[in-house]
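Visitor: Kindly generate the corresponding structure for this input.
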Amino acid sequence: MKAFRFSGIALCAMLLFAACGQKKQAAAGPMAPDPNAKPLVKLAKVTTEPVAQLQVYSATIVGEIKNNIAPSTPGRISKIRVEVGDKVSKGQVLVEMDETTLSQQEMQLKNLETEFNRIDQLYKVGGVSKSEWDNVNLQLEVARKSFQTLKENTRLESPIEGVVTARNYDNGDLYSGQAILVVQKIAPVKLTINVSEQYYSKVKKGDELTIELDAYPGETFTGKVSLIYPTIDAMTHTFPVEINVPNNDLKLRPGMFARATLNLGTLDHVVVPDLAIEKRAGSGDRFVYIYENGKVSYNKVELGQRLGDRYELISGVPNGAQIVIAGLSKLSDGREVEVEK
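Guide: Below you'll find the model as predicted:
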């Protein structure tokens, strides 16, 4: 009986000791990771490959030719024959100005023509001198040119085939300086981009570009370099390049926002997964970790284009290098690592 009591007391003591041990272990928490353990990383080998050097520029569509229809002197507008959006042909009368002055000038011209015919007949029979004949002939020529100029400023014609894109007056208004109408040739259209001077020797007349517009999502148009300006802007270090787009279907309209992609050939550059790119805190620098001889080293890189889930690198990583693509958060320059098999 005593032996049984002793055994029961001993058993209780053992259970109590075990429970206390568990409480102490729980209070101590989980075991901290070993700070000297090597971080586990995953590597990828990178190589150079040909990368198309695409540059994207923003621009605004404009008509190939833009004409402001207006007389050379102030006057009353009698009739505007077209509306915004109308197609017009070359030589078509668009605006008629008040013809009072034109009628007066026409009468004066007819009188001078009659007078010249009379003097001419007399000159042929020796009735007047050569100087008199020359004087009347000169007056007639001046009157004819004045009449023609006035006529051109009274009946305003379109100098091009195009579309009326603006109207600033109504019938009966007094012309006061602003163009009465604006006519633009929109087949073709053009846009101007400003290209960095480093590409001056690479852009050639006739080079093709891809044009995209917000107005037509998912659709592309083709343009060609039609003019390269011969000088560089000293402030921006860029040069203007004009792009001609056929626009045979007239879908492109002046004022539309466009993005033009210029292909400047291909270059062999290292391409890395985007997972390998890290941004240094507090700056805009980008870097990757290169693995060599069991350690990683920090390498600052210059990014080029984004190619899907990869980046073109202009500099910073040599061809054939092994770079870290997973486990970057625990790394530092020169740290030893364990490579995932």
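
Visitor: contacts, neighbours, all on C-alpha from now
Guide: Fine.

Visitor: Now the residue minimising distance to the centre of the chain. Nearest residue, chain neighbours left out?
Guide: When CA atoms, centre = their mean is applied to the chain, the residue found nearest the centroid is Ser58 (1.2 Å). Using CA to CA, 6 or more residues apart in numbering and skipping the chain neighbours, the partner closest in space to Ser58 is Arg259 (4.6 Å).

Visitor: Let me know the helix or strand that the one you found is in.
Guide: strand 257-273 (DSSP states H and E).

Visitor: Point out the other elements, helices or strands, that that strand touches.
Guide: The contact analysis (3 or more CA pairs under 8 Å, 6 or more residues apart in numbering; DSSP states H and E) places strand 257-273 against strand 48-60, strand 208-213, strand 310-315.

Visitor: so which strand or helix has Arg118?
Guide: helix 100-124.

Visitor: Mean confidence (pLDDT) on that helix, please.
Guide: For helix 100-124, mean pLDDT rounds to 88.

Visitor: got a list of what the residue nearest to the centre of the chain touches?
Guide: Contacts here follow CA atoms under 8 Å, 6 or more residues apart in numbering; on that basis Ser58 touches Ile193, Phe257, Ala258, Arg259, Ala260.

Visitor: one more time with 10 Å
Guide: If you count contacts by CA atoms under 10 Å, 6 or more residues apart in numbering, Ser58 has them with Leu191, Thr192, Ile193, Asn194, Ile211, Glu212, Leu213, Phe257, Ala258, Arg259, Ala260, Thr261.

Visitor: Quick one, grab the pLDDT at it.
Guide: On pLDDT, Ser58 comes in at 95.

Visitor: so where's the protein shaky on pLDDT?
Guide: For the chain, applying pLDDT under 70 flags the ranges 1-36.

Visitor: and the helix or strand just after the helix holding Arg118, what other elements does it pack with?
Guide: Next along the chain after helix 100-124, taking DSSP H and E as the criterion, comes helix 130-152. When contacts are defined as 3 or more CA pairs under 10 Å, 6 or more residues apart in numbering; DSSP states H and E, helix 130-152 sits against strand 93-97, helix 100-124.

Visitor: who's in contact with helix 130-152?
Guide: So helix 130-152 is contacted by 71-73, 93, 96-97, 99, 101-124, 153-154 (CA under 10 Å, 6+ apart).

Visitor: If we use 6 Å, what do you get?
Guide: Outside helix 130-152, the residues that touch it by CA atoms under 6 Å, 6 or more residues apart in numbering are Leu109, Leu112.

Visitor: Next, the buried residues of it.
Guide: Trp133, Val136, Asn137, Leu140, Ala143, Arg144, Ser146, Phe147, Leu150, Lys151, Glu152 (16 or more other CA atoms under 10 Å).

Visitor: Then stretch 282-290?
Guide: For stretch 282-290, the neighbour count (16+ other CA under 10 Å) marks Arg286, Phe287, Val288, Tyr289, Ile290 as buried.

Visitor: related to what we said a few turns ago, any idea of the angle the helix holding Arg118 forms with helix 130-152?
Guide: 160 degrees (axes from the mean of the first three to the mean of the last three CA atoms, to 10 degrees).

Visitor: can you offset everything so residue one is 22?
Guide: All set: I'll call the first residue 22, so the last point we hit is now helix 121-145.

Visitor: Buried residues of helix 121-145, list them for me.
Guide: Neighbour-count burial for helix 121-145, counted by 16+ other CA under 10 Å, picks out Leu123, Gln126, Glu127, Gln129, Leu130, Leu133, Glu134, Phe137, Ile140, Asp141.
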